[in-house]
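J.: the following comprises the amino acid sequence and a computationally predicted model.
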There are 2 protein chains.
Amino acid sequence: MTLLTTLPTRSPDRLRPVLREIAPPDPYRFPVDPWRLIDTSPATDHLGSIETLFGLGNGYLGMRDNPPEGRMAHAHGTYINGFHETWDIQHAENAHAFARVGQTIVNVPDAKVMKLYVDDEPIRIDTADLEHFERVLDFKNGTSTRSLIWRTPAGKRIQMTSTRVVSLEHRHLALMRLELTMLDGRAPIVVSSQLLNRQDGADEYHHQFAALGEGVDPRQSRRFDRRVLEAVDQLHLRDLGGGTIALGYRTIRSHMRIAAACRHDITSDSDVSVDTQIEADRAKVVLSFDLEAGQRITIDKWVSYHTAREVPCGELIDRCIRTLTRAAEQGPDVLFDTQRRWLDHFWSVADIEVAGDDRAQQAIRWNLFQLVQATAATDEQGVAAKGVSAGGYDGHYFWDTEVYVIPFLAHTAPQSARKLLRFRHGLLDAARRRARELNQVGALYPWRTINGEEASAYYAAGTAQYHINAAVAYAIERYVRATNDLDFLFKEGVEVLAETARLWHDLGFISRDGAVHIHRVTGPDEYTTVVNDNLYTNVMARFNLRFAAQTVRALAEHDPEGFDILSRRIGLTSAEADAWDRTADLIFLPYDEVLGIHPQDDSFLNLEPWDFDGTPKEKYPLLLNFHPLVIYRHQVLKQADVVLAMYLRGEHFDLDQKRRNFDYYDPITTGDSSLSACVQSIAASEVGYNALAWRYFQQSLFLDLTDAHGNTADGVHIANAGGVWSALVHGFGGVRFTDDAIVVNPALPDAWSELRLRFIHRGSRCSITIDAHGWTLIVHDGPGVCVRSTAGTFVVHAGTRHRESL
Amino acid sequence: MTLLTTLPTRSPDRLRPVLREIAPPDPYRFPVDPWRLIDTSPATDHLGSIETLFGLGNGYLGMRDNPPEGRMAHAHGTYINGFHETWDIQHAENAHAFARVGQTIVNVPDAKVMKLYVDDEPIRIDTADLEHFERVLDFKNGTSTRSLIWRTPAGKRIQMTSTRVVSLEHRHLALMRLELTMLDGRAPIVVSSQLLNRQDGADEYHHQFAALGEGVDPRQSRRFDRRVLEAVDQLHLRDLGGGTIALGYRTIRSHMRIAAACRHDITSDSDVSVDTQIEADRAKVVLSFDLEAGQRITIDKWVSYHTAREVPCGELIDRCIRTLTRAAEQGPDVLFDTQRRWLDHFWSVADIEVAGDDRAQQAIRWNLFQLVQATAATDEQGVAAKGVSAGGYDGHYFWDTEVYVIPFLAHTAPQSARKLLRFRHGLLDAARRRARELNQVGALYPWRTINGEEASAYYAAGTAQYHINAAVAYAIERYVRATNDLDFLFKEGVEVLAETARLWHDLGFISRDGAVHIHRVTGPDEYTTVVNDNLYTNVMARFNLRFAAQTVRALAEHDPEGFDILSRRIGLTSAEADAWDRTADLIFLPYDEVLGIHPQDDSFLNLEPWDFDGTPKEKYPLLLNFHPLVIYRHQVLKQADVVLAMYLRGEHFDLDQKRRNFDYYDPITTGDSSLSACVQSIAASEVGYNALAWRYFQQSLFLDLTDAHGNTADGVHIANAGGVWSALVHGFGGVRFTDDAIVVNPALPDAWSELRLRFIHRGSRCSITIDAHGWTLIVHDGPGVCVRSTAGTFVVHAGTRHRESL
């Protein structure tokens, strides 16, 4: 029996993250460099994280940083966004409308393998005698490089440099370059360059996975115990001569098709013999040659993937060949140059600079680069929780995209944001069906999905998170505020807003007290599930209803014809929009007069406090160490959703209120969710807890780079990377994009002498430079932006600047 | 948006079951007979129910009423209580301490098959030309009989009578008698008598099951897609000569062992040739003979099953043979006679008679007979939800035993009740481990289990039902009140009470209001899950704590040595017992002053009303037609657990309170649970709603006999059968067994002129006869009982009677 005689005290010493006080982040193991992530250790004890941290991707195609020699991996991973297999979810105890269609991203054929044999000896990094080793991920060039000098068992030295590019410009294209230079001696050398379908083979990853206890960690990817890819076309294996090979497959259940092809261009000081072998799941180009001291060979392995639902594999292979031919004809330098120019543009609109903290600078750019790699070419797919960096969370799309990634894209790559929102619009029919299954009208987006169908097999922390509807509405608001793209808003946007609003309107229930209540839903905090009147959900539902009503009215006013068309198609009326507003006005927001805070839900404050003092470090994250009922029974949070509500709908809380809520929830937030630290940092900045904001920012900034959650091996926490951007822009920068103006209230960390933010707002390329004395907004080009401060409202035109002192 | 401006009205017309108004029960299809269930139709359209309704069992061994010819079955089922296979529960999304070990009762080798061929033509009931057909389950003789006259394709008439006994006295023994009489013509006849291991073969049941959508109905049994029984011993197949055959197996995962053996004794007017064949999963004794008109043959197939964990199959087969030899030497008449005498005794202590309603009389005896068949020889196993009548609910033990069956046993077969409670005591170590897994001290019994480990894969309606702990305490109270068995109470009982009380004490939490709260548990009503302060749970936890404290103190007083031993073993002190009492005193019981009712939990009254008018009949049971979140969001009940609390702990509610609660909850109770109707009937009787009590009683009484829930094919609803007894004794009889006396407040249904209850109380065999004018208690033998009424407290001695007028 725990006896609670007093409430948790809210003394200043409780204002601390309860876990992992990482300031400074001790485990950071990389040499500091502002534009590159560098690793000089060939040690294999952090293999899983390293593969993730140094991996390449373009939002469509992702490759983990597995070595060309094809051994020693945590997971040999190559992923195509949205390319997934389906399976029947087997519920241990089934119930009506439980999710039925499991969806898992497929580990597609691996083109990274270029096995090296010198004197017939293979290289193994863990045992090789290495004179030099360096691994580099280059944020300016968009390349990853591994270079080493190997003293072979015969005592000869050979330099091996592997350079990879996954093209940000041409999403189907990648290049694996292998350069070998014989430093002394002479040796026969074989490079076996492969295209390898590993999908149903046990590999190191799977072994490790099994050792962990399969399925115990729900954040990992599902493993198939059957084939996933099958050959269906006669032409699925192709040797096109001259070292060009291709494989084509179809996924067995979801019937998606993929082709992968490689072409090899060789520049060599010696003669090379080429032997091509094609088997069912392995195509090989074996290059054999001799190198003498000083001789050098460069093998450019061009790689292309094409995927589709309806196109035969043979046709997809043809597409791959066309991609390869064009790229090879242009040559590698064009690819390197295009990649560099793509990134030059990106950094010119999105770079964030800090003065006086090179390690933070490096980490910030690594995080922004990850956002690029996850979103550059999504082609109307979503952004998976791990981007294309690994198969964690099965490659599913969550609300992460809308709440954590789209704000960044809206201000750095608006077209990418638009594509993601159009993708959500494309899932509307599936969301309408899902709402019917849950006995509601309107649309209910699935908590996790690839193909639009609910894939969450644990409804309490899945389907019950109805708030995903409002997350989509929020992303639309952010995008439209950033772009004023009324074309999108009045075509796709309004339909999404209307159908999500309908769900809320239907779900809400006017109780005895005359207020609208929303029952049995789960907020973002997954340590408290299936509750009544979750504050976050109610605040966001209210926003969704009002925004939808306002948009419908705006459409009727600005585009009566468009309104008529939509109205006929989905039966929409102005009266319905008015009803949404009335419902919004009645939505109940729980408030505790005694504590002066917003309870997380209607019974949260009655729960037992968690015994933090009695919980040793190894019991975190709680979800892996306590039965859900035990967690749900206590006042303990995975992430503080009241605090998130105050960030996303800040206008509804005054500063005192924000501080009281933060004071209550922060000490009971474990941060077991990787979505937590960035939001706590932003909120702490806003309420003036600068030291705490800094500590949370450090957690967020180095979350993957220090493997703070212990699962970076399963992929980059993309939402957190977006959170790093948000913490910089909205937290330290204090920038808010309101309907009509930019508002800036910076809180520069003591450790930094200057912070420079870059972003695009309504077509204007802007930067804001913050120092100890004030801030300066420069509009570099575009139509200009409006700024509001205590001094008034100003329009800042292109080529001019606005300075405010603090 | 549903708008609730007023509360559900409580006008008298709402005092109705919302579903299935079955009074009278129209689908009742059986000729009325007070001592037998009779079916004269060979139709196969209710095959599943018929197999269940006419099945035989003795609590250890159960056989569905499959025909000897071995065809045409919904499920060829033979079950041994507790004989199960285990499997790894695969959670679609796993979490810490989710149930891991699936347990499923095994369909054991089938000894019922005796295939008949006349002129080499097999008989098929669905197409056979039958002159006569009758199926009888005899409650006095304990037999099932099927007799028919078949006009064969060749036009000859043969009489076939199959009589079966599953011995209530010798649990390992059964007899399948087949009598054939040639009425005209002459024919060669073959009877292929088999012992058939069907366990991994597809059969009709499985086909039908798959067609239903496997696993959609969580009440059905799991199907294995692998072998369950394997041969492990050299001697597992045996032809012992003279028509005696045996098979032995081990379950593959749980390593339980089983042997089944048959012996054939033949009485014939003609010569019979016997051919025995033994294969891996099928042993056959093929009997060939000719019958002329008027000739007759009787084949007595003696059947024995033995099971064990550690004993080799060869040894188990030897045990079967010894059982068969002894039984056959005594002969069938001894078996028939023993069976009859066993039941004579049972009916003499347990029969319940109604005057003026033969159909009810028949149905009452059928239900009591089912209780006998489920409990006669459980040998310290539990009583599964379906007894041994089928594999529904995987053969698991729930709280059904304790709340619905033990009260009956305590007053009709106290030794059986004692065995069941000792079985629960035997599961205490597993329950202690489960409590640890759930982060609690003490013991937490599994919601569903065979081997003591939690097997509920859906925690919200499983593990969260902590109230099972109190159900065990309740059963101990009922048993001890009925028997005064202090030997049990002070040995096993007190330990169970102490460990369950510890769980409650630890789980409770003193909140700001100074009261003890119990959060995030599920009460018996599975349409509302994982709530705070479920009234039923809190009332029962309070009882459990107080009863444990009182028992510990009684032990310390009456048996200081026993107390010391227990105290040393489990660290128990008197101070701990005092702490339980203090906690019990502080337990919060939700109460709504406005409505004057007890809310089912802390937020129940805030939920949206269910739209009963908009829910068509085919949408029931709701659990098969609505997502759990939809159900949980509404004020709709599977069973009314506040009402159940008022029945089990009636002393804590006055009559007005009971009526107000009943008035509120009854109209929103679907009765989708088969545990609902009997309790509603008892409560309605108590609050004076006699017509309603009658209607609910009819639902309960005919629940299986009319297949009212549509799943009698999956087995007899044993708890409901216990509920029929409770509704008669506690409802219409108004009998309450208090600590010190019997109290009688009858409410005789108008349809009955007299109701006579029989029971044993503290060693005295009693009967109470209720008529329109009063009631008479007779003590037939034993030490006498104490009766309390408004007129005072009386001791009624053996051979005397006490009459009270109404």
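T.: Thanks, I have it.

J.: helix, strand or coil for whichever residue of the stretch 651-800 of chain A sits closest to chain B?
T.: The nearest approach of the stretch 651-800 of chain A to chain B comes at A:Asp672, 12.5 Å away (CB to the nearest CB). Placement of C-beta: from N, CA and C, glycine included. With DSSP: H, G, I helix; E, B strand; the rest coil as the basis, the three-state label of A:Asp672 is coil.

J.: the one 10 residues further on too?
T.: In terms of secondary structure, A:Ile682 is helix; the call rests on three-state DSSP.

J.: right, and it touches A:Gly733 too?
T.: No. A:Ile682 is beyond contact range of A:Gly733, at 9.9 Å (criterion: CB atoms under 8 Å).

J.: so if I had to pick from the two, which one is more boxed in?
T.: Legend: neighbour count by other CB atoms under 10 Å in any protein chain shown for A:Ile682 and A:Gly733, higher for A:Ile682 (29 against 25).

J.: any figure for the gap between A:Arg660 and A:Ala677?
T.: To A:Ala677, A:Arg660 is 21 Å away according to CB to CB, to the nearest Å.

J.: which neighbours do A:Ile682 and A:Gly733 have in common?
T.: Common contacts of A:Ile682 and A:Gly733 (CB atoms under 8 Å, 6 or more residues apart in numbering or on different chains): none found.

J.: just for the stretch 1-150 of chain A, where's the confidence low?
T.: Scanning the stretch 1-150 of chain A for pLDDT under 70 picks out A:1-26.

J.: how many other residues sit next to the residue in it positioned nearest to chain B?
T.: Nearest residue of the stretch 1-150 of chain A to chain B, counting by CB to the nearest CB: A:Ala92, 3.1 Å away. Residues contacting A:Ala92 under the criterion other CB under 10 Å number 22.

J.: give the buried residues for stretch A:571-586.
T.: A:572, A:576-577, A:579-581, A:583-584, A:586 (16 or more other CB atoms under 10 Å in any protein chain shown).

J.: ignore what I typed, I meant stretch A:310-320.
T.: Buried-residue list, stretch A:310-320, by 16+ other CB under 10 Å: A:312-320.

J.: please name the nearest non-neighbouring residue to the residue in the stretch 401-550 of chain A that chain B sits nearest to.
T.: Residue nearest to chain B within the stretch 401-550 of chain A: A:Ala457 (3.1 Å; CB to the nearest CB). Nearest non-adjacent residue to A:Ala457, counting by CB to CB, 6 or more residues apart in numbering or on different chains: B:Ala92, 3.1 Å away.

J.: is that neighbour in a helix, a strand, or coil?
T.: Of the three states, B:Ala92 takes coil under three-state DSSP.

J.: so it is in contact with A:Asn94, correct?
T.: No. Using CB under 8 Å as the test, B:Ala92 is too far from A:Asn94 to be in contact (9.6 Å).

J.: contact distance from chain B - what residues of the stretch 251-400 of chain A qualify?
T.: By CB under 8 Å from any CB of the partner chain, no part of the stretch 251-400 of chain A sits against chain B.

J.: which stretches of the stretch 251-400 of chain A form strands?
T.: Secondary structure of the stretch 251-400 of chain A by DSSP state E, counting those that start in this stretch: the strands cover A:257-268, A:272-279, A:282-292, A:296-308, A:353-355.

J.: ok, longest helix in chain A?
T.: Longest helix in chain A by number of residues, with DSSP state H as the criterion: helix A:535-558.

J.: the helix or strand that comes right after that one to helix A:535-558, inter-axis angle?
T.: Going down the chain from helix A:535-558, the next helix or strand is helix A:560-570, by DSSP states H and E. Following axes from the mean of the first three to the mean of the last three CA atoms, to 10 degrees, one obtains 130 degrees for the angle between helix A:560-570 and helix A:535-558.

J.: what's the average pLDDT for the helix or strand following helix A:560-570?
T.: Using DSSP H and E, the helix or strand that directly follows helix A:560-570 along the chain is helix A:574-586. For helix A:574-586, mean pLDDT is 97.

J.: one more: stretch A:528-548?
T.: In this model, stretch A:528-548 has a mean pLDDT of 98.

J.: equivalent analysis for stretch A:276-288, please.
T.: Here stretch A:276-288 scores 93 as its mean pLDDT.

J.: so which bits of that stretch are buried?
T.: So for stretch A:276-288, counting by 16+ other CB under 10 Å, buried means A:276, A:278, A:281-287.

J.: could you list the residues in contact with it?
T.: With CB under 8 Å, 6+ apart, stretch A:276-288 has contacts from A:109, A:188-198, A:201, A:231, A:237-239, A:241, A:243, A:245-247, A:262, A:264, A:266, A:272-275, A:299.

J.: with neighbour numbers in mind, choose between A:Arg660 and A:Ala677.
T.: Higher neighbour count among A:Arg660 and A:Ala677: A:Ala677, with 31 against 19, using other CB under 10 Å.

J.: which residues touch A:Val494?
T.: For A:Val494, the contact set (CB under 8 Å, 6+ apart) comprises A:548, A:551-552, A:555, A:566.

J.: assumed it was part of a strand.
T.: No. Applying three-state DSSP, one finds A:Val494 to be helix, outside a strand.

J.: got the phi/psi numbers for the closest residue to A:Lys112 other than its chain neighbours?
T.: Nearest residue to A:Lys112, sequence neighbours excluded (CB to CB, 6+ apart): A:Asn66, at 5.3 Å. Backbone torsions of A:Asn66, given as degrees, to the nearest 10, read phi -80, psi 140.

J.: quick check: A:Asn66 touching A:Phe54?
T.: No. A:Asn66 sits out of contact with A:Phe54 when judged by CB under 8 Å, with a separation of 9.9 Å.

J.: the two: who's more crowded?
T.: Neighbour totals were compared for A:Asn66 and A:Phe54, and A:Asn66 leads with 23 against 20 (other CB under 10 Å).

J.: who are the contact partners of the more buried one?
T.: Residues in contact with A:Asn66, defined by CB under 8 Å, 6+ apart, are A:51, A:73, A:75-77, A:110, A:112.

J.: for PyMOL, write the selection for the buried entries among the contacts of stretch A:276-288.
T.: If you want just the buried ones from the contacts of stretch A:276-288 in PyMOL, going by 16+ other CB under 10 Å, the selection is:
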select buried, chain A and resi 109+189+190+191+192+193+194+195+196+197+198+231+237+238+243+245+246+247+262+264+266+272+299
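
J.: show me the contacts for the closest residue to the residue of the stretch 651-800 of chain A closest to chain B other than its chain neighbours.
T.: In this structure, A:Asp672 finds its nearest non-sequential neighbour in A:Pro621, 3.7 Å apart by CB to CB, 6+ apart. Going by CB under 8 Å, 6+ apart, A:Pro621 touches A:638, A:670, A:672, A:709.

J.: can you lay out the contacts of A:Val494 as CSV showing neighbour count and distance to chain B?
T.: Below are the contacts of A:Val494 laid out as CSV (neighbours: other CB atoms under 10 Å in any protein chain shown; distance: CB to the nearest CB, whole Å):
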residue, neighbour count, distance to chain B
A:Ala548, 31, 15
A:Thr551, 25, 20
A:Val552, 26, 17
A:Leu555, 27, 23
A:Leu566, 20, 22
